[in-house]
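Asker: I'd like to go over a predicted model; first the sequence, then the structure.
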Amino acid sequence: MEQDIGGERIPLSTSSCAYQPCYIGQNLTIGGNISIGSMCHIGRNVTIGNHVNIQGSTYIADRTIVGSHVFIGPNSTILNDKYPPSGDASKWSPVEIADHAVIGGGCTVLPGAHLGNRSVLGGGSVLTKPIPAGEVWAGNPATFLMTREEYDARGE
């Protein structure tokens, strides 16, 4: 017997949605054409730009800033507290993800490890420091692999 459990589409605006079950914290600021997958946790005071796809089971900590045209793969974790569980927001270092960045599935982004414009973090990676614009990093800890141009050429 087949049974459809959960997955209900919940509109966040006229062009954006989240799929249940998920948690959306207070003061979420979003652009248009956003999709948030089921089982996601979106913290408080998070900002998300336009055309963003956040796949299921992703955790995004409070005060994270996500640019436009960003892809975040499933089971990714974006953290903000350098000394958990400090409970002290003055000690946090929220992550910023610039426009056109890609985060592969199963990644962990540590506090303050920003992603530059058009950067890519390979699946399963642990990002411990900022990725410059236009670079592709992967591994644990993530290190430079290639430029975004080389990455895009391989995918064509």
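Answerer: Done, it's in.

Asker: Mind jotting down where the helices sit in this protein?
Answerer: Along the chain, counting by DSSP state H, helices occupy 148-154.

Asker: what about it, any weak spots by pLDDT?
Answerer: Of all residues in the chain, those with pLDDT under 70 make up the ranges 1-6.

Asker: The same query, at a cut-off of 90, please.
Answerer: 1-11, 13, 83-89, 91, 155-156 (pLDDT under 90).

Asker: Show me what the residue most central in space within the chain bridges to in the sheet.
Answerer: Nearest residue to the geometric centre of the chain (Cα atoms, centre = their mean): residue 72, 4.4 Å. Residue 72 has the following beta-bridge partners by DSSP bridges: residue 54, residue 103.

Asker: so it touches residue 57, yeah?
Answerer: No - checked against Cβ atoms under 8 Å, the pair residue 72 and residue 57 is beyond contact range at 10.8 Å. Where C-beta positions appear, they are placed from N, C-alpha and C, glycine not excepted.

Asker: quick one: buried residues of stretch 74-88?
Answerer: 74-81 (16 or more other Cβ atoms under 10 Å).

Asker: Which single one of the residues you listed is nearest to residue 143?
Answerer: Taking Cβ to Cβ as the measure, residue 143 sits nearest to residue 76 out of the buried residues of stretch 74-88, at 18.4 Å.

Asker: need the contact list for the closest one.
Answerer: By Cβ atoms under 8 Å, 6 or more residues apart in numbering, residue 76 lies in contact with 55, 58-59, 103-109.
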